[in-house]
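In: Sequence plus predicted model, see below.
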Amino acid sequence: MDKTSQMRSVSLCGAGHSGSTLLGMILGRHSSAFYMGEGGKVRYLHDERKPMRKRVCKICGDDCPVWSKFHWDETRALYPQVAEHVGVSMIVDTTKDERWIETRSKEMREAGGVPALLFLTRDGRAVVNSRIRKYPERDPSDQIRQWADKIGTSDTPFNASDGPKMRVRYEKLATDPEVVTRQVCDLLQIEYEPDMLRFDERPQHVLGGNSGTQFLVARNQFENPQDAFVSLADRTRDYYGEHAGGISLDLRWKQELSSEHEALFEKLAGRANAELKWEA
């Protein structure tokens, strides 16, 4: 079997703010894998018309040893090019756009590879709270409806996919990471490696994604964390600045989500969230 036929890709669908950066970094810690981050941003590499944060590695900046030297030949499948560039056989991408996932998965199949799909879910109250924290100027009702709509639109390509696929619950991953990671490895037909759970102890090079989780990697990757490109916003500085590292369940929504917003969420999206509630 040649190298191309052994290629695998892992795409994540679902709503943002559901832990995709964490899961991506766990999988990217595997010896045969590379986590791109939000791979769709590869389109912006070297384009000085785009904001810096969209066109460079979120951890290293513009002198990243991986992305500063990569140029995508758009006439060829993306993931095999990235795999060859970094010397691995599995690419992980947390771009959640359904069209992007469909296109890249088709490319992989045509190249003889195996595309897998993970549907990452999280209690919608936590997701909406995270969005309200990040975008306080936006209408909470719109934030809630957008979450519910994204869950619905993600269901369609997941159900239609005939390749390896699995639903992954963020809260279960964060509270029982070894069990969930082993299940994902079984799906992908790769051997589980204990170091995967120590995702923040090895350099990673990602496009886009959650700055807080990336900060946990950056403070180990750089002798002086201030040399990293990624930085913490005021709204997350205390939480991630005091984070012990590794994998832990983020339940900030229980203290931060106002009773008014929680009641609004229940009215607009309670039914969509019924099976996703996490009360522990």
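Out: The structure has been received and is ready for your questions. Numbers count the residues shown, from 1 in each chain.

In: residue ranges of the strands in the stretch 101-250 of the chain, please?
Out: 114-121, 165-169 (DSSP state E, counting those that start in this stretch).

In: Now tabulate those in TSV and tack on distance to Glu201, mean pLDDT and mean neighbour count.
Out: C-beta coordinates here come from the backbone N, C-alpha and C atoms, glycine included. As requested, the strands of the stretch 101-250 of the chain are exported to TSV (distance: least, C-beta to C-beta, whole Å; pLDDT from 0 to 100; neighbours: other C-beta atoms under 10 Å):
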stretch	distance to Glu201	mean pLDDT	mean neighbour count
strand 114-121	23	97	22
strand 165-169	22	98	18
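
In: JSON lines for those strands, including distance to Arg49?
Out: Below are these laid out as JSON lines (distance: least, C-beta to C-beta, whole Å):
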{"stretch": "strand 114-121", "distance to Arg49": "31"}
{"stretch": "strand 165-169", "distance to Arg49": "36"}
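
In: Which residue is the nearest non-sequential neighbour of Leu197?
Out: Spatial nearest neighbour of Leu197, excluding adjacent residues (C-beta to C-beta, 6 or more residues apart in numbering): Pro177 at 5.3 Å.

In: To clarify, my last question referred to Ile247.
Out: Per C-beta to C-beta, 6+ apart, closest to Ile247 is Pro177, 4.8 Å.

In: Test my guess that the one you found contacts Ile26.
Out: Yes - at 7.2 Å, Pro177 counts as touching Ile26 under the criterion of C-beta atoms under 8 Å.

In: if I look at the two, which residues touch both of them?
Out: The contact sets of Pro177 and Ile26 overlap at 197, 247 (C-beta atoms under 8 Å, 6 or more residues apart in numbering).

In: Would you quantify the distance from Thr213 to Asp186?
Out: Using C-beta to C-beta, to the nearest Å, Thr213 is found at 24 Å from Asp186.

In: one step back: who has more neighbours, Pro177 and Ile26?
Out: Neighbour tally, Pro177 and Ile26, criterion other C-beta atoms under 10 Å: the higher count belongs to Ile26, 25 against 19.

In: who's in contact with the more buried one?
Out: Contacts for Ile26 (C-beta under 8 Å, 6+ apart) come out as 173, 177, 181, 196-197, 199, 247.

In: 7 Å instead, please
Out: Contact analysis of Ile26 by C-beta atoms under 7 Å, 6 or more residues apart in numbering lists 181, 196-197, 199.

In: Repeat that for Leu22.
Out: By C-beta under 7 Å, 6+ apart, the contact list for Leu22 reads 213, 247.

In: before we move on, which element is it in?
Out: helix 20-28 (DSSP states H and E).
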